[in-house]
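> Here is a sequence together with a model predicted from it:
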Amino acid sequence: MHDIRFDSSSSAVPQQPIHRVGYLLELQSQQFGNQWVYTEFDAFSQHPADFGIPQADGTFKKLAVNNLDFRSSDGANETGLANGHIEFTAYNYSPGINNYDSTDDLASGLNVGSYGCMQVHCGTNVLWAFNNHNGVHKDLGIGNNTSNEHKDWTFMYNSWQYTYKRLRVYAIHQQVEIKFALQATLQPKVNMRGVADGDPLLWNATAQEFGQTQIPFDSHGDISKPNFIIALTGQSNSQGANAYYDANELNDQPHERIFGFNATTQQWEIADLNTESLGAFWHKPAGLQSLAFHFARRLVEAYPDIRPGIINVGVGGQAIARWAKFPQGHVWHTYNVQRAAGAGVLQGDIYDLHVQQIHNALQHLEAGQRKVGVVCWHQGESDGWNSEAQYYTDCIHQVISQYRNEPWADTRTPFVVGETTGADVGTDQDSGWEARNVQLRNLNLDADPYTKCVMCSDLEPSDSQYKNGDLIHFSARAQRTMGTRYFRAFRNMFESA
C-alpha cells in the first residue's frame, strides 16, 4: 500500500512552485468491486515529502485546504469546494467528541505511538482514509465508514479484504511557459483518466487541463469478460523465458480486471502468471513472466473501466518463417518455405495457431467486443544469422499485413514490436541479434503511425538478476519495464487524436 508516486522525487523545494496536490486511491475487492476516488486541492506546502505518508518528525497536519475537487467511482464530481480539510499524523490520535470522524484530536497524541492517519475530508464527510500505517492490517476506506462507529475507518483493520490497493500522490507545478486561459478565480484541473503508474502529466490546451493521451476502447460489455484484447506472440522473450514470477512483487499478482484465455479449458480466466491463463504450459511454463501482463497492468491503472484480455501463443527459438506466409510467386516464397521446413513445419504454422486461438477466445465475447486492440510481437534472435536484412524486413511487414487482414482487425490495428537483447554487441559473439533490431526499429520511421518498436536492448538480461549466464533472455525486472514501454508505445500512436 505504501506506493507513493511524486511528480518530483526530491523533498527539496522544486525550481517551480507546486501549484496543486492530487491523491488517487484505488481499491478492489470481490465484495465491493472496483472503487476509486481522486481528490485535488491547492498545495499546502512546497515540499513534496509533506504530501506523502506522514513521518515521525514531531509534527502533524490538521488544516483546511483550498479549492477542493473530488471525483469518485460512484459518480461524484465536485469542484472548487471551500470546506476541504486534512488530518495527517504519524502518531496516535483521539476522537474529537466520542467517535473518530472528521474532527479528530491530533495534538494530544503528538510523539505518542505510531498508529497514524492520512485522511481527506469535505465538511463532515470522509472522502478517503488510510490509517494504521505500521500495522499488519491497515485501515482503508472511501467515503464515510458505516461498518463500525468510526466514520473515518479507524480500527477497521480491513486492508486484507482488498486484492488491489494503491495510493498515488501527484505534486503538480505550473510550468513557466504554460499560460492558462482561465478566469482568475479558477484553477487548472487534472483529468486522471488515462494516467498510469509513473506517467508524467501533459497539458491539454484545448480542454484546459492536465492529463494523458486517451486510447480507444469500448468500456461496455459483460464485466466478467475482457473489453480490450492484447494478442501476444513471438519467441522465448515473449513467453518470459528465464524471468520468474515473484510472490513478493505487487505487479506480478493477479488483478480482477485482467483476463487471459486458457487454451486448455477454452475459457477466459483471471490472468495469473502461474496458470495457463497466459499461455499453455507447452510454450509458456508456469511461473514465467509476460510482458503483455504488465502492459495490461498499466491499462487497468489508467482506466477504471477497461478489462484487458490476453491471448498468447508463442514458441521460443523459432524463425520468422513460422509466422510469415508468402504466396507462390513471391520473391521470398521458396526461401521461406525452406526455412520453415527446416523445423519440420509449414510456413506460418505458429501464426495459424495464434489466429485460431484468437478466434476461439473472441467467440466467448459479445459481438461488439470481438476485436483485437493491439498485437504485441517479440521475436528476432532466431533470424540473427543466415538471414538477409531485406528478407526479415519483408517478413515483418507480411506478418503485420496478415494480422490486419483478419476479420477481428483492420488496417489500423496497432502492432508493437520490441528489440532483442542485442547481447552480441561489444562481445566476441556474433549472432546478429542487434542486426535484427535495426529492421525492427525501422517500424518507427515508416509512414505507418500504427506500428512501433520499443527500445529493449538497454534492459538487463536474465543473468543480471539470476547470475545464470543467460544473455539472450530478459530479467523479470526487464519484463515489467517492457510491459510499460509497450503500453506507452501503443498509447503514443493516438497522440495526434
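The structure has been received and is ready for your questions.

> Next, the buried residues of the helix or strand hosting K62.
K62 is located in strand 60-65, with elements delineated by DSSP states H and E. For strand 60-65, the neighbour count (16 or more other Cβ atoms under 10 Å) marks 60-62, 65 as buried. (Each C-beta comes from the backbone N, C-alpha and C, glycine too.)

> TSV for the residues you listed, including distance to S401 and pLDDT?
Shown next, in TSV, are these (distance: Cβ to Cβ, whole Å; pLDDT from 0 to 100):
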residue	distance to S401	pLDDT
F60	63	94
K61	59	95
K62	63	94
V65	55	94
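
> List of residues touching the helix or strand where L353 lies?
Per DSSP H and E, L353 falls inside helix 349-362. With contact meaning Cβ atoms under 8 Å, 6 or more residues apart in numbering, helix 349-362 is reached by 229, 231, 233, 261, 263, 266, 268, 309, 311, 313-315, 318, 322-325, 340, 369-372, 399, 402-403, 406, 408.

> What lies in contact with the very next helix or strand once past the strand holding K62?
Note on strand 60-65: by DSSP H and E, the next helix or strand toward the C-terminus is strand 68-72. The contact list for strand 68-72 (Cβ under 8 Å, 6+ apart) reads 35-41, 76-84, 122, 127, 142-143, 189, 192.

> Same check on stretch 330-344?
318-319, 321-322, 324-327, 346-349, 391, 394-395.

> Among these, name the buried ones.
For the contacts of stretch 330-344, buried by 16+ other Cβ under 10 Å: 318-319, 321-322, 324-326, 347-349, 391, 394-395.

> What count of nearby residues applies to F295?
Using other Cβ atoms under 10 Å, F295 has 26 other residues around it.

> pretty sure it belongs to a strand, no?
No - under DSSP: H, G, I helix; E, B strand; the rest coil, F295 falls outside any strand and is assigned helix.

> mind checking the longest strand of the protein?
Longest strand in the chain, counting residues (DSSP state E): strand 18-29.

> ok so, going back, and the contacts of stretch 330-344, which of them are in strands?
Judged by DSSP E, strands contain none of the contacts of stretch 330-344.

> State the pair within those that is farthest apart.
Greatest spacing in the contacts of stretch 330-344, by Cβ to Cβ: Q318 and P327 (21.2 Å).

> Any stretches of the chain with poor pLDDT?
Within the chain, the ranges that satisfy pLDDT under 70 run 1-15, 174-188, 425-430, 496-497.

> Got the domain ranges for this structure?
Domain assignment of the chain by automatic domain parsing yields the ranges 18-211, 228-492.

> Point out the most buried one among those domains.
Highest mean neighbour count among the domains of the chain (mean count of other Cβ atoms under 10 Å): domain 228-492, with a mean of 20.

> gap between the two ends of that domain?
Length of domain 228-492, first residue to last, Cα to Cα, to the nearest Å: 17 Å.

> so where do the helices sit in the stretch 351-497 of the chain?
389-404, 433-441, 462-466, 476-492 (DSSP state H, counting those that start in this stretch).

> want to throw the ones you listed into a markdown table with distance to G422?
Putting those into a markdown table (distance: least, Cβ to Cβ, whole Å) gives the following:
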| stretch | distance to G422 |
| --- | --- |
| helix 389-404 | 15 |
| helix 433-441 | 4 |
| helix 462-466 | 14 |
| helix 476-492 | 13 |
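
> Quick check: which of these is nearest to S238?
Distance to S238, taken as Cβ to Cβ, is lowest for helix 476-492 among the helices of the stretch 351-497 of the chain, at 9.8 Å.

> Assign a three-state SS to the residue most central in space within the chain, would you?
Central residue of the chain (Cα atoms, centre = their mean): R298, 1.0 Å from the mean position. Under three-state DSSP, the three-state class of R298 is helix.
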